[in-house]
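Asker: Okay, predicted coordinates and the sequence, questions at the end:
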Protein chains: 2
Amino acid sequence: MPTCVYIESLVDHVDSDVVIKGWLYNKRSSGKIAFLELRDGTGLVQGVVVRGKVDDEVWNAVEEIGQESSVIVTGRVKADARAPSGVELGVSAMEVVQAVDGYPITPKEHGTEFLMDRRHLWLRSSQQHAVLRVRSKLEKLCRDYFYERGYTLVDSPILTPLSVEGTTTLFSTDYFGRPAYLTQSGQLYQEAGAMAFGKAFCFGPTFRAEKSKTRRHLTEFWMLEPEIAYATIDDVMDIAEDFVATVIQRALVECDAELTSLDRDRAPLEQITAPFPRVHYDEAVKLLQEAGEDFAWGSDFGAGHETLISEHFGKPVFINRFPTKIKPFYMEPDAERPDLVLGCDLIAPEGYGELIGGGQRIHDPALLESRLAEHGLPAEPYQWYMDLRRYGTVPHAGFGMGLERLVAWVTGRPHLRETIPFPRMLGRLEP
Amino acid sequence: MPTCVYIESLVDHVDSDVVIKGWLYNKRSSGKIAFLELRDGTGLVQGVVVRGKVDDEVWNAVEEIGQESSVIVTGRVKADARAPSGVELGVSAMEVVQAVDGYPITPKEHGTEFLMDRRHLWLRSSQQHAVLRVRSKLEKLCRDYFYERGYTLVDSPILTPLSVEGTTTLFSTDYFGRPAYLTQSGQLYQEAGAMAFGKAFCFGPTFRAEKSKTRRHLTEFWMLEPEIAYATIDDVMDIAEDFVATVIQRALVECDAELTSLDRDRAPLEQITAPFPRVHYDEAVKLLQEAGEDFAWGSDFGAGHETLISEHFGKPVFINRFPTKIKPFYMEPDAERPDLVLGCDLIAPEGYGELIGGGQRIHDPALLESRLAEHGLPAEPYQWYMDLRRYGTVPHAGFGMGLERLVAWVTGRPHLRETIPFPRMLGRLEP
């Protein structure tokens, strides 16, 4: 009985007989010879079936089965320099586990809603498969970056009694008779983590009940949030810069096959190396105004502004020190400019928008207390957060990165819906 | 200016002057010499301050500051074979960032509710710190195990339109005018993942609105769920066995310092090697009855039964092939015994209960459809799941492991509430 192997390891079995358990991805047949494109989730390989060299019932099955039929194929691995996988399979036998007729996703073009309704099947298509393999690898690269540098993974809770990013985009649930909210960010809990572990991070799902339906909005998305005790805004820009440059360079190596399959232009990614430009908010405003934009000091940047700024530099760009009134209550004021806070956003190039938001947090208890009041936030639910300033407060800083934006950028996908296995958006809760 | 270092790397700086940024964990003073136990989140080190050898204001500060005061300490690193860290610090200067008086968690005993209300601070205590460092490392070991074996991480969604484990323990939310549920398990989505990627896994938060308040219940917990195409119940027991044995053996190495600090007896963990006993449900029932338990064939095991069975073997034990009526709709029937399904549970030793639940899933579309109906489940929301049987169905299997149970077992903690940074339970949503 030949060994059962995965397609990704076929190159190690040249000139051997093997068994592949997978699915028919595509086929062409001349009546005498059939080419089966086979997939098993780890790769694609072409199986060659020659009429007369296999049993008649195998040949008949080959003629009959449709796309996504599940098949167990036995054959001899042959080196083939022309094949993307480097090998092809000379088929000697085939068992049909299930013959499929009428698989809904064909190589022709389908509408987005049609494909999104069949997301559970669409995942099998080579482009979606490649995007999500990149996502899987990027998650590992992101976690490894922080593990290798001594951070402790401190999972922030999903169910929380309070809101971090304002109350208008909260999902709520009945928690045994009282309201609970799905977290919008794990940051406040990472601040407790940083005080306990020095360097902490979380990486999990977060939620925003966004009523907007744009290519940049998901209601459920994964966020990576490191937080560091005794760190300043400058430290956090150093860390975010090294993190992004390191992950992108490693991704170019680790995701080489997927980027090829996606036909992603690597040149813009290859130039992502530290340092990244750091632009003061005032400068960014000036830059927009000089470019002819009708943008007033004190406003927040929209997607178009971000693209304009990043195109000016051709690299990720930090915008830092924002007007106090457009940022959350917890941001440390700029000692030199009381109208500004020590926040920093990293704008990705190629129009992928804000990748990272972060900055230095208020560590002075009296100041934090007055900011809570100024923002009209109730004091009681924040008492535990205030405790972090009462008992050994230190300057600290951190950032949050949306995983889906990183995946979109690396894979070159314009819409976030393709960067997560089962996207949740306004009007989409299925499959 | 001496280098700023983390305590965990002090051993690399013997006979050098360094700066440590951290907190006062404890202190003793004789009036002439003071011993400061310092923490920075990466470890503990003793700082020795000699009156007259430091400025008077440093000595006065040392006398005054209380537990959890934040301090920046400069000193000379000295090798000290008696110290757990291998070094101590001869303090030459200290800057008090914040002097703290009245930190609520003192070395004396506190009640559980008192500590749980202060979980954001309790994380700093050495035992809790060690448990959560183990959790962080175990998460990496678990993910690495599957990454190293070619699995693709496919994040299952949290917000879902349907229930997996029954409808009585669901948290629901208003999703733009329609109900959505917090996922109880990512399995159904991993089945789609297995068909697309061959081998898939997810590792994220799951939810059960459990009204029971026991040491084994959390309402929010993390679950690891691998799923494999073309796999059977025997494959899944092989994989789960190798996974558990590998992770435990690696954890003994990676978490050595933490297990010492927790005073965890390593002997029972050292003997966790494959193979694990595999006990048929019928045998398990017999074993309980022979032990004098009033247990009827067809019932499900309680915590006490699990402990009894695992004590009989002193190793993790698989119980396999359960009565159909006590298991979920998706379980593959046993071809030889139609009253049983191909499920398997792995019971941890030392009374830690069910660590893993898994088995082979139904792949025949007609059978799955009839099982849905028998369980009174609505057909429409499961149409996408049925699609996985219509388009290239194959035998497949997988399992789910609760992370907190693994952490409890490895660290020897009796209650799950100490195995997650911010536990959520009946009556507990804070901090």
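Answerer: Looks like it came in fine. Residues are numbered from 1 along each chain as shown, chains lettered A, B, ... in the order given.
Asker: could you check the distance from the residue nearest to residue A:428 when sequence neighbours are not counted over to chain B?
Answerer: In this structure, residue A:428 finds its nearest non-sequential neighbour in residue A:116, 6.6 Å apart by CB to CB, 6 or more residues apart in numbering or on different chains. For the C-beta atoms, the positions are set from N, CA and C on the backbone; glycine is no exception. Noted for residue A:116: a distance of 11 Å to chain B, by CB to the nearest CB, to the nearest Å.
Asker: What of residue A:29?
Answerer: Counting by CB to the nearest CB - residue A:29 and chain B are separated by 19 Å.
Asker: residue contacts, that residue?
Answerer: Counting by CB atoms under 8 Å, 6 or more residues apart in numbering or on different chains, residue A:29 makes contact with A:35, A:62-63.
Asker: in the stretch 1-150 of chain A, which segments are predicted with low confidence?
Answerer: Across the stretch 1-150 of chain A, nothing is flagged by pLDDT under 70.
Asker: what's the burial count for whichever residue of it sits closest to chain B?
Answerer: Distances between the stretch 1-150 of chain A and chain B by CB to the nearest CB are smallest at residue A:41, namely 2.7 Å. Neighbourhood size, residue A:41 [other CB atoms under 10 Å in any protein chain shown]: 28.
Asker: how about the helices of chain A, start to end?
Answerer: Taking DSSP state H to define them, one finds helices in chain A at A:56-64, A:112-117, A:119-122, A:126-148, A:187-197, A:233-254, A:256-261, A:267-270, A:281-290, A:303-313, A:365-374, A:383-390, A:403-411.
Asker: Let me know which of these is tucked in deepest.
Answerer: A comparison of the helices of chain A by mean neighbour count, using mean count of other CB atoms under 10 Å in any protein chain shown, puts helix A:187-197 on top with a mean of 27.
Asker: hmm, that one touching chain B?
Answerer: Yes. Against chain B, helix A:187-197 shows contacts by CB under 8 Å from any CB of the partner chain at A:189, A:192-197.
Asker: ditto for stretch A:151-160
Answerer: Yes. Contact of stretch A:151-160 with chain B (CB under 8 Å from any CB) involves A:152-160.
Asker: distance between the ends of stretch A:296-310?
Answerer: 19 Å (CA to CA, to the nearest Å).
Asker: Now do it: everything it contacts.
Answerer: Applying CB under 8 Å, 6+ apart, the contact partners of stretch A:296-310 are A:216, A:279, A:282, A:284-285, A:287-288, A:291, A:293, A:295, A:316-317, A:319, A:322-323, A:325-326, A:345, A:347-351, A:353-354.
Asker: From those, which land in strands?
Answerer: Per DSSP state E, strands hold the following members of the contacts of stretch A:296-310: A:279, A:317, A:319, A:322-323, A:345, A:347-348, A:353-354.
Asker: in the sheet, who's paired with the residue lying closest to residue A:179 once chain neighbours are set aside?
Answerer: Spatially, and ignoring its direct neighbours in sequence, residue A:179 is nearest to residue A:172 (5.2 Å; CB to CB, 6+ apart). Residues in a beta bridge with residue A:172, per DSSP bridges, are residue A:181.
Asker: Let me see the contact set for the residue nearest to residue A:428.
Answerer: Taking CB under 8 Å, 6+ apart, we find residue A:116 in contact with A:122, A:417, A:423, A:428.
Asker: Residue most distant from the centroid, chain A?
Answerer: Distance from the centre of chain A peaks at residue A:52, with 48.7 Å (CA atoms, centre = their mean).
Asker: For it, give me its contacts.
Answerer: Counting by CB under 8 Å, 6+ apart, residue A:52 makes contact with residue A:59.
Asker: so how far is residue A:59 from it?
Answerer: Separation of residue A:52 from residue A:59 (CB to CB, to the nearest Å) stands at 8 Å.
Asker: Next: residue A:168.
Answerer: Residue A:168 is 63 Å from residue A:59, by CB to CB.
Asker: now do residue A:117
Answerer: According to CB to CB, residue A:117 and residue A:59 sit 36 Å apart.
Asker: and whichever residue of the stretch 51-200 of chain A sits closest to chain B, what does it touch?
Answerer: As assessed by CB to the nearest CB, chain B sits closest to residue A:198 within the stretch 51-200 of chain A, at 2.7 Å. Contacts for residue A:198 (CB under 8 Å, 6+ apart) come out as A:150, A:228-230, B:6, B:22, B:40-42.
Asker: and these, which are buried?
Answerer: Among the contacts of residue A:198, those buried by neighbour count (16 or more other CB atoms under 10 Å in any protein chain shown) are A:228-230, B:6, B:22, B:40-42.
Asker: Sort out for me which of the residues you listed are in strands.
Answerer: A:228-229, B:22.
Asker: Brilliant, that's me finished.
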